[in-house]
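Student: Using only what follows, build the 3D model:
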Amino acid sequence: MNVVFRVDSSVTIGTGHVMRCLTLAKQLKQMNANVSFICRELEGDLINFIKDNEFTVYILSKAMISEADNNAIFKWYKENWQQDVRETQYLFETHIHSVDFLIVDHYGLDKKWEASLKPFTKKLMVIDDLANRKHVCDFLLDQNLYLNYQDRYKNLVPPECKQLLGPNYVLLREEFIEASRQKRIRNEIHNILVFFGGTDPTNETVKALDALALLDNNIKINVVVGSSNTRKDQIREYCDRYPNFFFHCQVSNMAELMNEADLAIGAGGTTTWERCYLGLPSITIIVADNQIELTDAVSKFGASVNLGFSHEVTSNQIFEAVKDLIEHPKKVQLLSERASKLVNHKIVNTYPVVKAIMEELK
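Tutor: Here you go, the predicted structure:
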């Protein structure tokens, strides 16, 4: 069974799409699927990281796009989607030959791209969380929680499309499944984890460190950045100035660090579910439009403290939010209890997405 992922990463796109696809890829590989990736070469991409995880990567030609302009990259895909189709089709015909399941996780691609390549695969799955464009697909996966999550794609996918919606379909790496056995409810804060994704283009990490530097140094601060973070050397030097700050780059033990932590400060993307799955309370800052609805819904559920959009959040606000939780252990406990209830462990641990794919290809 040949499964192909079409997904990109870059300084602007971030690394979350690739990371969740890698999670699903590894789970499918364990079911003896032959998995490969098709990725476009971009500044700050994770192509070598995917290869390091022992997957074949077919590389599309490099797009000359300014990563300084957040809108430029999606404008490029809008204007050049047919080039993307031609290059992908060429790889299908010359290298992959037979595709059983094509999985697309890409905000820049829509029904036009999907309809062009659907004849070359038995089944097509889209991973999305924007619900802002139509799709031509057999499966739609959106693992996030929204107030109207069951109706968001009502007129955006074909009637026969199977929709896998909500946190029970969350894609979690094996390390989180294993770590959940030591899941605990927190109250006092002795260990804080700072992580704003693989690239952190708005530099929220330093903003958080400026706030945490005002606390007593008896609280351990673990700071995690991705290898694509252009400011990682600056952040490393910052951490070196404080005895209780510990710098980590492109870690493979994120679940362990989350389990050790009593509070996380981070963005409202994919890691939201990793934190909730382990019952880890969090202070969340929105760093992209696609995080607004999710962060709001999780906060209203009582599983996190939402400080708002990054350009509106100051270091002082972060400091006040952390100080408030340190002084009120009961608030920390409630956040931890609500977070742990957001994801149904019994369902997630049965790998429902993998199960749906395998049943379709029997």
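Student: Identify the bridge partners of the residue lying closest to D138 once chain neighbours are set aside.
Tutor: Closest residue to D138 apart from its sequence neighbours, by C-beta to C-beta, 6 or more residues apart in numbering: K123 at 4.6 Å. For the C-beta atoms, the positions are set from N, CA and C on the backbone; glycine is no exception. Beta bridges link K123 to F101 when assigned by DSSP bridges.
Student: right, and K123 touches V104 too?
Tutor: No. Look at K123 against V104 with C-beta atoms under 8 Å: they stay out of range, at 11.6 Å.
Student: So for these two, which sits in the more crowded spot?
Tutor: Ranked by neighbour count (other C-beta atoms under 10 Å), K123 and V104 place V104 first, with 24 against 18.
Student: Setting the sequence-adjacent residues aside, check what's closest to K323.
Tutor: Leaving aside its chain neighbours, K323 sits nearest to L215 (7.5 Å; criterion: C-beta to C-beta, 6+ apart).
Student: Give me the secondary structure label for the one you found.
Tutor: Assigned with DSSP: H, G, I helix; E, B strand; the rest coil, L215 falls in the coil class.
Student: what about it, distance to D262?
Tutor: 13 Å (C-beta to C-beta, to the nearest Å).
Student: Of these two, give the one with the bigger neighbour count.
Tutor: When L215 is set against D262 and neighbours are counted by other C-beta under 10 Å, the residue ahead is D262, at 22 against 16.
Student: Test my guess that that one contacts N191.
Tutor: Yes. Contact criterion C-beta under 8 Å: D262 and N191 qualify, at 5.2 Å.
Student: helices or strands up against the helix or strand hosting I50?
Tutor: Remark: I50 resides in helix 47-52, with elements defined by DSSP states H and E. In this structure, helix 47-52 packs against helix 16-29, strand 34-40, strand 56-60, with contacts taken as 3 or more C-beta pairs under 8 Å, 6 or more residues apart in numbering; DSSP states H and E.
Student: I'd like the next helix or strand past the last one.
Tutor: When you say that, I think you mean strand 56-60. The helix or strand immediately downstream of strand 56-60 is helix 72-91, counting by DSSP H and E.
Student: which parts of that following helix are buried?
Tutor: 73, 76-77, 81, 84-85, 87-88, 91 (16 or more other C-beta atoms under 10 Å).
Student: Throw those residues into TSV and include pLDDT and distance to T202, thanks.
Tutor: Output for those, formatted as TSV (pLDDT from 0 to 100; distance: C-beta to C-beta, whole Å):
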residue	pLDDT	distance to T202
I73	85	16
W76	92	21
Y77	93	22
W81	96	27
D84	97	27
V85	98	32
E87	97	31
T88	98	31
L91	97	34
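Student: Among these, which pair sits farthest apart?
Tutor: Among the buried residues of helix 72-91, the pair separated by the greatest distance (C-beta to C-beta) is I73 and L91, at 21.0 Å.
Student: Contact partners for the spatially closest residue to K62 that is not a sequence neighbour?
Tutor: Leaving aside its chain neighbours, K62 sits nearest to E41 (4.0 Å; criterion: C-beta to C-beta, 6+ apart). With C-beta atoms under 8 Å, 6 or more residues apart in numbering as the criterion, the residues that contact E41 are 47, 59-63.
Student: now, among those residues, which is nearest to A115?
Tutor: Distance to A115 across those (C-beta to C-beta) is lowest for L60, with 19.1 Å.
Student: ok, Y146 to Y77 distance?
Tutor: Counting by C-beta to C-beta - Y146 and Y77 are separated by 24 Å.
Student: Same question for S282.
Tutor: S282 is 31 Å from Y77, by C-beta to C-beta.
Student: V3 now?
Tutor: 23 Å.
Student: got it, and F37?
Tutor: Taking C-beta to C-beta, one finds F37 at 17 Å from Y77.
Student: burial measure for E54, as a count.
Tutor: Applying other C-beta under 10 Å, we find 10 residues neighbouring E54.
Student: same check, this time on I219
Tutor: The number of residues packed near I219 is 16, by other C-beta under 10 Å.
Student: Looks like it contacts I189 (just checking).
Tutor: Yes. Counting by C-beta under 8 Å, I189 is a contact partner of I219 at 6.6 Å.
Student: ok, K118 - contacts?
Tutor: Residues counted as contacts of K118 (C-beta under 8 Å, 6+ apart) are 102, 124, 136-137.
Student: ok, the residues you listed vs F247, which is closest?
Tutor: Of the contacts of K118, the one sitting nearest to F247 (C-beta to C-beta) turns out to be L102, at 38.8 Å.
Student: Against V305, how distant is that closest one?
Tutor: Counting by C-beta to C-beta - L102 and V305 are separated by 39 Å.
Student: Between those two, which has more neighbouring residues?
Tutor: Set side by side, L102 and V305 show more neighbours around L102, with 26 against 19, by other C-beta under 10 Å.
Student: Quick check: the more buried one touching V4?
Tutor: Yes. The pair L102 / V4 is scored as a contact, 5.2 Å apart, by C-beta under 8 Å.
Student: With that, I have no additional questions.
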